[in-house]
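**Q** below: sequence and its predicted model.
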Amino acid sequence: MPFDPSYVHPDEPPLDARGDLALTDDLATLAEQLSDDAAHLARCYPAGTAGSCKIPGRVNPAKPLPRRAGLAIAGVGLSCLGLVAASISFALLGGESAPPPANATNAQVTNGDAISDSAKVAIPATPSPVMLSVGELSGPEREALFDLLDDQPQRLTRVSF
Amino acid sequence: MGSFDVDETTRQYFGRIHRAALVLSGNPWDADDLAQETFLVLARQVGSFQGRSSIYTWLYGILLNLDRRERRRFAVRKRKLRVLWDNQPEDEATAPGADAIAEVSEWKKSLWARVARLPDGQRQALVLRFSEGLRYEEIAAALACPLGTVKSRIFHGLGGLRRILDEEGAAARELPAYPGEDLSHAV
């Protein structure tokens, strides 16, 4: 085939008058997007900070806590643990060493209405629950019970119907 | 022969070289390695710099050579691992292979992940032009090829990128909205 200077190879890129590439709109858009993506990557992973994206506001789940924050959290946790342990031990020791409440219902009556000193000592430390059926009580007994509950409301723990 | 201070050059150009390495490799760890190795080569071959091009054009040339070498090594390693992988029993070959590239999601989402599928010449020309903003003449010096070749590679690289995106778009349109959905009634 003879040489034809007007022949343009189809693979040759189109050039403008200055010799620059004459890109169609879609290719120019792609070129612009490439530049934007490269700039974004460079902002995200600057030199010497390999491992995680450095763009502010992005959540980095693998980021470790600062040393001070870790120490503070550990301190608060240990304090809470100590408080719980102290309250448990206080409840256990306090329950054993607390003086038994003076309780007329548990007092042993030795002779009529008189209550001896030895009977007071014999009051058990942990009173057993008393089950009362209000329906079985007479009128005066019921009044006496209500008076007793008024005097010692802390003894009433539960009322069932 | 040109003369320059290696430390000063490293301080001045490390960021640019690292950015190009990041776009080429797809992850910051390999980018760090590539960029550091580029400046190691610079320190070793500082006497061979002729001064015919700018120093950063020379650095880009070193970086692209290292990138090509890494890709060749990776391809060889991948072939070897593929042989081992194919010889494994079927039920054990379910996890990603050891040859899987570690790429960060930001890069995977970018157009540069598609550029990575283009031929080497086009890929490198696009990186130098649109990531690094080099002039055609500078790219020609870094790639050691004629100016017309640079323009051709950039033009056809962009065209190849558009075809890849078109294919991805067509593949996405063919996917059903819900994979388990029976679409036989939708004619």
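**A** Thanks, I have the structure now.

**Q** nearest the geometric middle of chain B, what residue?
**A** residue B:24 (2.6 Å; CA atoms, centre = their mean).

**Q** element containing the residue nearest to that residue when sequence neighbours are not counted?
**A** Counting by CB to CB, 6 or more residues apart in numbering or on different chains, residue B:67 is the residue found nearest to residue B:24 once chain neighbours are left out, at 5.0 Å. In this view, the C-beta of every residue, glycine as well, is placed from N, C-alpha and C. Using DSSP states H and E, residue B:67 maps to helix B:55-87.

**Q** show me how far that helix is from its chain's centre.
**A** Centroid separation between helix B:55-87 and its chain, computed with CA atoms, centre = their mean, to the nearest Å, is 10 Å.

**Q** so what touches the next helix or strand after it?
**A** As assigned by DSSP H and E, the chain's next helix or strand after helix B:55-87 is helix B:105-109. Residues from elsewhere that reach helix B:105-109 (CB atoms under 8 Å, 6 or more residues apart in numbering or on different chains): A:40-41, A:44-45, A:53, B:22-23, B:26-27, B:113.

**Q** show me what counts as buried in the helix-or-strand element of chain B with minimal mean pLDDT.
**A** Lowest mean confidence among the helices and strands of chain B (mean pLDDT, DSSP states H and E): helix B:55-87, at a mean of 83. Residues B:56-64, B:66-67, B:70 are the ones in helix B:55-87 that count as buried (16 or more other CB atoms under 10 Å in any protein chain shown).

**Q** can you check stretch A:32-52 too?
**A** Buried, per 16+ other CB under 10 Å, within stretch A:32-52: A:34-35, A:37-38, A:40-42, A:44-47, A:50.

**Q** just stretch B:21-32 next, same as before
**A** Buried residues in stretch B:21-32, defined by neighbour count with 16+ other CB under 10 Å: B:21-28, B:30-32.

**Q** and of those, the nearest to chain A?
**A** residue B:28 (3.7 Å; CB to the nearest CB).

**Q** shouldn't the closest one be in contact with residue A:42?
**A** No: judged on CB atoms under 8 Å, residue B:28 makes no contact with residue A:42 at a distance of 10.4 Å.

**Q** which residues do the two both contact?
**A** Here residue B:28 and residue A:42 have residue B:22 as joint contacts, going by CB under 8 Å, 6+ apart.

**Q** apart from its neighbours in sequence, what residue is nearest residue A:34?
**A** Spatial nearest neighbour of residue A:34, chain neighbours left out: residue B:130 (3.9 Å); criterion: CB to CB, 6+ apart.

**Q** and the buried residues of helix B:55-87 as a markdown table, adding distance to residue B:138?
**A** A markdown table is the format used below for the buried residues of helix B:55-87 (distance: CB to CB, whole Å):
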| residue | distance to residue B:138 |
| --- | --- |
| B:56 | 8 |
| B:57 | 5 |
| B:58 | 11 |
| B:59 | 11 |
| B:60 | 8 |
| B:61 | 10 |
| B:62 | 14 |
| B:63 | 14 |
| B:64 | 13 |
| B:66 | 19 |
| B:67 | 17 |
| B:70 | 23 |
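
**Q** filter the contacts of helix B:105-109 down to just the ones in helices.
**A** Judged by DSSP state H, the subset of the contacts of helix B:105-109 located in helices is A:40-41, A:44, B:22-23, B:113.

**Q** would you check which pair of the residues you listed lies furthest apart?
**A** A:44 and B:113 (14.0 Å; CB to CB).

**Q** residues from chain A in reach of chain B?
**A** For chain A, the residues in contact with chain B (CB under 8 Å from any CB of the partner chain) are A:11-15, A:20-21, A:23, A:26-27, A:30-31, A:33-35, A:37-38, A:40-42, A:44-51, A:53.

**Q** wait, the residue nearest to residue A:34 sits on residue A:31?
**A** Yes: counting by CB under 8 Å, residue B:130 touches residue A:31, with 5.5 Å between them.

**Q** mind listing what residue B:162 touches?
**A** A:26-27, A:30.

**Q** just the buried ones from the residues you listed?
**A** Applying 16+ other CB under 10 Å to those flags A:27, A:30 as buried.

**Q** so which of the contacts of residue B:162 sit within helices?
**A** Residues of these located in helices (DSSP H): A:26-27, A:30.

**Q** from those residues, which is closest to chain B?
**A** residue A:27 (4.5 Å).

**Q** residue B:158 is in contact with that closest one, correct?
**A** Yes: proximity of residue A:27 to residue B:158 meets the contact threshold set by CB under 8 Å, at 4.5 Å.

**Q** could I get the contacts of helix B:105-109 as CSV with pLDDT and distance to residue B:49?
**A** Converted to CSV, these look like this (pLDDT from 0 to 100; distance: CB to CB, whole Å):
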residue, pLDDT, distance to residue B:49
A:40, 92, 33
A:41, 91, 29
A:44, 88, 32
A:45, 88, 29
A:53, 69, 35
B:22, 93, 25
B:23, 94, 25
B:26, 90, 29
B:27, 88, 30
B:113, 94, 34
